[in-house]
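Asks: mind looking at a prediction? Sequence and model below.
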Amino acid sequence: MKYLLTMFFCFSIFTAQAQTVDEAIKWNDDIVASQIMMLSLEDELVSAITDNGAIDTIAVAYVDYLTFLNEAINYYEGLTKFDRKDIFRKAYLDLLYAFRDVATIEYAEILKIWFKPEDDLTEEDFNRWDELIEIIESKEVKSNNAFLEKQNDFAKQYKFSLND
């Protein structure tokens, strides 16, 4: 009898954490919607730098982007695990942290160069700009690929296609 109660208790804990395919798809869609917003805000920042160049426009775009990253991190850190493995929420948090690091390090340095008076710009500034763009590309591609790998694992775990 004791064995049966223990088995029932373990089974009830496991099933309480199990999710349906529909819940997994919704979870995936919610994270992807957040990711799309993040990338859209990053695009606005890049456009503000390359298209307009006005300090106030760039500053607003940068603050909006960084604010979103911080709020998304706080939100997803505060959520309970989707399931016992929690691979997809953790993967998205890793992506958010990577993009925030890029924003606070590489983009901040790009803005520092951008806001320099034109007469003060040196060849080193132009070279560093190019290096920063490459660093951003490398870090973001690497972190996005890791995220996509975990997203595929999550879809396999719940047996749904990412094309749904």
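Replies: Okay, I see it. Numbers count the residues shown, from 1 in each chain.

Asks: buried sites along the longest helix seen in the chain?
Replies: The longest helix of the chain (DSSP state H) is helix 123-158. By neighbour count, with 16 or more other CB atoms under 10 Å as the criterion, the buried positions of helix 123-158 are 132, 136, 139-140, 143, 147, 150-151, 154-155, 158. Heads up, the C-betas are built off the backbone N, CA and C, glycines and all.

Asks: Phe88: which of these is nearest?
Replies: Phe154 (4.1 Å; CB to CB).

Asks: could I get the contacting residues of that closest one?
Replies: Residues in contact with Phe154, defined by CB atoms under 8 Å, 6 or more residues apart in numbering, are 24, 28, 87-88, 91.

Asks: check Ile110 too.
Replies: Neighbouring residues of Ile110 by CB under 8 Å, 6+ apart: 49, 129, 132-133.

Asks: for it, identify the helix or strand it belongs to.
Replies: If you go by DSSP states H and E, Ile110 is part of helix 108-114.

Asks: and Asp29, by the same measure?
Replies: Using DSSP H and E, Asp29 falls within helix 21-47.

Asks: what's the average pLDDT for the helix or strand following that helix?
Replies: The helix or strand immediately downstream of helix 21-47 is helix 55-78, counting by DSSP H and E. Per-residue pLDDT over helix 55-78 has a mean of 97.
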